[in-house]
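>>> Next comes the sequence, and after it the predicted model I'd like to discuss.
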Amino acid sequence: VDGVFFASRAALPHLVRARGCIVNVGAVSGLGGDWGQAVYNMTKGAVRNLTNVMALDHGRQIRVNAVHPGVTLTKQYYRDALADGTSLQKRFIDRVPMGRPAEPEEAAAVIAFLAGSDASYLNGVHIPVDGGLTASNGQTNLYRSDD
């Protein structure tokens, strides 16, 4: 939270002069809760609300939006844990409508869109990049066949 806040505050004068924009990177964990992840969810929720407040306070000068990735196959965190055949991979595939985690480039493409001129009227927008995870209300899929 500190990094996002202080970086935004430091960049704001330049961004106003340049008519730039801010694209914060949160996580789907900031859009809803995760079991046993109170501190992480709290910080990602703060990024979401900071995005909202800055979009309101500075919307006449700059745009402020956010991207919220779900599980993404970064080398640092998930590639080994989500390797083919692991129980975590099966649980993930069962939960995400697209049946797979994101690649980093997929989140980067949404960030590039929000930073570009095609998003010139978007302000205070939150885009989950999660393969449809946040489209669910949490119910088990009763219709999925394991065949």
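Noted; the coordinates are in hand.
>>> buried ones in stretch 1-17?
Val4, Ser8, Leu12, Leu15 (16 or more other CB atoms under 10 Å). Any C-beta I mention is one placed from the backbone N, CA and C, and that applies to glycine too.
>>> Could you count how many residues lie near Ala38?
If you count neighbours by other CB atoms under 10 Å, Ala38 ends up with 10.
>>> ditto for Gln37
13.
>>> Excluding chain neighbours, give the residue nearest to it in space.
Ser29 (6.3 Å; CB to CB, 6 or more residues apart in numbering).
>>> Distance check, the one you found against Tyr40.
Separation of Ser29 from Tyr40 (CB to CB, to the nearest Å) stands at 6 Å.
>>> So for these two, which residue has more residues nearby?
Ser29 (20 against 13).
>>> how long is stretch 30-47 end to end?
End-to-end distance for stretch 30-47: 7 Å, by CA to CA, to the nearest Å.
>>> An error on my part: the question was meant for stretch 69-86.
22 Å.
>>> report the longest strand in this structure, please.
strand 63-69 (DSSP state E).
>>> partners of it in the sheet?
strand 21-25 (parallel), strand 126-129 (parallel) (DSSP bridges).
>>> buried stuff in the longest helix belonging to the chain?
For the chain, the helix that runs over the most residues, judged by DSSP state H, is helix 38-58. Along helix 38-58, these residues count as buried under the neighbour rule (16+ other CB under 10 Å): Asn41, Thr43, Lys44, Gly45, Ala46, Val47, Arg48, Leu50, Thr51, Met54, Ala55, His58.
>>> Over to stretch 121-133?
Buried-residue list, stretch 121-133, by 16+ other CB under 10 Å: Asn123, Val125, His126, Ile127, Pro128, Val129, Asp130, Gly131, Leu133.
>>> Could you do stretch 24-38 as well?
Quick answer for stretch 24-38 (16+ other CB under 10 Å): Asn24, Val25, Gly26, Ala27, Val28, Ser29, Gly30, Leu31.
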